[in-house]
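**Student:** I would like the atomic coordinates for the input below:
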Amino acid sequence: MTGVLVTGGTGKTGTALVELLRGNGVPVRVASRNPSAGDPDAVRFDWDDPATHPTALRGVGRVFLVPPTNTVDPMPPVRPFLAEAQRLGVRRVVLLGSAIELPNAPSALELAAQVRARPGWVVLRASGFMQNFLSPHPIGERIRRHGEIRTAAADGRVGWIDARDIAAAASALLTEPDVGPSDQRDYLLTGPKALSYRDAAAIITARTGRPVRVVSTGVDEQAANYRAAGVPAEFAAAIAAVEDGIRAGREDRVSTAVLDLTGRPPRTFAEFAQEHALEWSDGGILER
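**Tutor:** This is a model prediction of the structure:
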């Protein structure tokens, strides 16, 4: 079996990963709910439609696994997918997990444990995405529309990472020539420096010339903000509670894993902001 199945293949990380793999001459199967008609390697894949899973898996040796989003319980659809991958002899699964643990969500921990338990399968625990500061994510959309960030995290810091650096780390693991038992089954992926929302707002302001302010909220109010932005209620409550953990310092950490895996350091938030400055400025702030 050859090639890599990239689930979430049209998402932030998946798009970058597909580009990297194809640039290295690796056969790629791009899995998404709405596959591109112009891509012969695109395949329909929907976590809510198990009938799409075996077709996506058949004939590939490695899988980049992006579990269902906006849920505190990814296991019901992922468990049979992993069983099918094992039955078909998939030699490596690289799971895009999270360094930030959702409260009252043991399912995500169970998923990571199941992946780590298989020889050659690996978990990437990614910190907060820099892309969250861009629209259509609720944080990015609020910056664009209102020129503000609302958060319950106060001055707590996160090792924000660019999704492209996650993709680069995943590509390194998915293109290793020999896949077998490994002592390291888990990598913490962060950017080069932990930053607070105030730090991020100051960098965006400096790169765009448009003031971005930070407004402190309580956890309940922040959950309501996420619900108003269209996030499901249970997940909105969970990610608002995560911000309280950030406030307490639980996510103030950085690692060298991107450098170790790819040979180059991860992008800084200042580099990210410079590259995306027009996305915050285009059209101005629509509402205040």
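
**Student:** any low-confidence regions in the chain?
**Tutor:** In the prediction, the chain carries residues with pLDDT under 70 at positions 1, 178-183, 282-288.

**Student:** which stretches of the stretch 151-288 of the chain form helices?
**Tutor:** Using DSSP state H, counting those that start in this stretch, the helices of the stretch 151-288 of the chain run over residues 163-174, 197-208, 219-228, 233-247, 257-262, 269-281.

**Student:** quick one: distance of the strand ranked longest in the chain to the chain centre.
**Tutor:** Among the elements of type strand in the chain, defined by DSSP state E, the one spanning the most residues is strand 92-98. Its chain's average C-alpha position is 10 Å from that of strand 92-98, according to Cα atoms, centre = their mean, to the nearest Å.

**Student:** tell me what that strand is packed against?
**Tutor:** Judged by 3 or more Cβ pairs under 8 Å, 6 or more residues apart in numbering; DSSP states H and E, the packing partners of strand 92-98 are strand 62-65, helix 106-116, strand 122-126, helix 163-174. The way it works is simple: take the backbone N, C-alpha and C, and place the C-beta from them, glycine included.

**Student:** for that strand, buried residues please.
**Tutor:** 92-98 (16 or more other Cβ atoms under 10 Å).

**Student:** that older thread, now the helices of the stretch 151-288 of the chain in JSON lines, with distance to Leu188 and mean neighbour count?
**Tutor:** As requested, the helices of the stretch 151-288 of the chain are exported to JSON lines (distance: least, Cβ to Cβ, whole Å; neighbours: other Cβ atoms under 10 Å):
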{"stretch": "helix 163-174", "distance to Leu188": "11", "mean neighbour count": "23"}
{"stretch": "helix 197-208", "distance to Leu188": "20", "mean neighbour count": "20"}
{"stretch": "helix 219-228", "distance to Leu188": "25", "mean neighbour count": "17"}
{"stretch": "helix 233-247", "distance to Leu188": "16", "mean neighbour count": "20"}
{"stretch": "helix 257-262", "distance to Leu188": "6", "mean neighbour count": "18"}
{"stretch": "helix 269-281", "distance to Leu188": "18", "mean neighbour count": "17"}
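
**Student:** distance to Thr190 for those helices - can I get that in TSV?
**Tutor:** Putting those into TSV (distance: least, Cβ to Cβ, whole Å) gives the following:
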stretch	distance to Thr190
helix 163-174	9
helix 197-208	14
helix 219-228	23
helix 233-247	13
helix 257-262	8
helix 269-281	11
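
**Student:** those helices: which one's closest to Thr69?
**Tutor:** Nearest to Thr69 among the helices of the stretch 151-288 of the chain is helix 233-247; the distance by Cβ to Cβ comes to 8.6 Å.

**Student:** and the closest one, C-alpha only, in PDB?
**Tutor:** These are the backbone C-alpha positions of helix 233-247, laid out as PDB (Å, rounded to 0.1, in the frame of the first residue of the first chain):
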ATOM      1  CA  ALA A 233     -23.700  25.000  23.300                       C
ATOM      2  CA  GLU A 234     -21.800  22.100  24.900                       C
ATOM      3  CA  PHE A 235     -18.600  22.800  23.000                       C
ATOM      4  CA  ALA A 236     -19.000  26.600  23.600                       C
ATOM      5  CA  ALA A 237     -19.100  25.900  27.300                       C
ATOM      6  CA  ALA A 238     -16.000  23.700  27.100                       C
ATOM      7  CA  ILE A 239     -13.800  26.200  25.200                       C
ATOM      8  CA  ALA A 240     -14.900  29.000  27.400                       C
ATOM      9  CA  ALA A 241     -13.700  26.900  30.400                       C
ATOM     10  CA  VAL A 242     -10.500  26.300  28.600                       C
ATOM     11  CA  GLU A 243      -9.900  30.100  28.700                       C
ATOM     12  CA  ASP A 244     -10.200  30.000  32.400                       C
ATOM     13  CA  GLY A 245      -7.400  27.400  32.400                       C
ATOM     14  CA  ILE A 246      -5.300  29.700  30.200                       C
ATOM     15  CA  ARG A 247      -5.800  32.400  32.800                       C
END
